[in-house]
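Q: Sequence and predicted model, in that order:
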Amino acid sequence: MLYRLALSVFIVFFVTTSMAAKEESKETKTLTQTVFELERSLAILQLSTASLGDYQSLDKKIAQVKSLENRVNFLGNLTFLLCMALVVFFFQLRKQNKRLLELEKSKGNANE
């Protein structure tokens, strides 16, 4: 029982953190768009003086951002699957509890 309680607390923690991340996503999207536009403008201004090393550095940074995006997508999917598993678990627990109560009632009726 303690194991189930600890697992439930652990899953609730992940659900709340993912919900908080979703609430901030609207502000993050507008800020990300603004930063992107500013970086693009700066890149256009510096294009004439860019060297090969600058392009390679930019390519590495883009690869890091894509890697981070894949990790975030994976964690989001994992959180969703854990939430769904929790819902199924509680439905099964409820169903099992009803069966147990019915069994206890039938034993009580048989003893009388």
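A: Done, it's in. Note that the coordinates shown come from a computational prediction; the quantities given were computed from them, not determined experimentally.
Q: only C-alpha atoms for contact and neighbour calcs from this point on.
A: Fine.
Q: All the helices of the protein, in order from the start?
A: All helices of the chain, identified by DSSP state H, fall at 2-23, 25-46, 52-111.
Q: so can I have CSV of these showing mean pLDDT and mean neighbour count?
A: Below are these laid out as CSV (pLDDT from 0 to 100; neighbours: other CA atoms under 10 Å):
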stretch, mean pLDDT, mean neighbour count
helix 2-23, 66, 12
helix 25-46, 79, 12
helix 52-111, 88, 12
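Q: Look up how far G108 lies from the residue most central in space within the chain.
A: The chain has G76 as the residue nearest its centroid, 2.8 Å off, counting by CA atoms, centre = their mean. Per CA to CA, to the nearest Å, G76 is found 48 Å from G108.
Q: Check N73 too.
A: Taking CA to CA, one finds N73 at 53 Å from G108.
Q: Keeping just the C-alphas, turn stretch 80-89 into PDB.
A: Coordinates of the C-alpha atoms in stretch 80-89 are reproduced here as PDB (Å, rounded to 0.1, in the frame of the first residue of the first chain):
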ATOM      1  CA  PHE A  80       0.700  11.600 -20.800                       C
ATOM      2  CA  LEU A  81       1.100   7.800 -20.800                       C
ATOM      3  CA  LEU A  82       1.800   7.800 -17.100                       C
ATOM      4  CA  CYS A  83      -1.400   9.800 -16.400                       C
ATOM      5  CA  MET A  84      -3.400   7.400 -18.600                       C
ATOM      6  CA  ALA A  85      -1.900   4.400 -16.700                       C
ATOM      7  CA  LEU A  86      -2.900   6.100 -13.500                       C
ATOM      8  CA  VAL A  87      -6.500   6.500 -14.600                       C
ATOM      9  CA  VAL A  88      -6.700   2.900 -15.700                       C
ATOM     10  CA  PHE A  89      -5.100   1.800 -12.400                       C
END
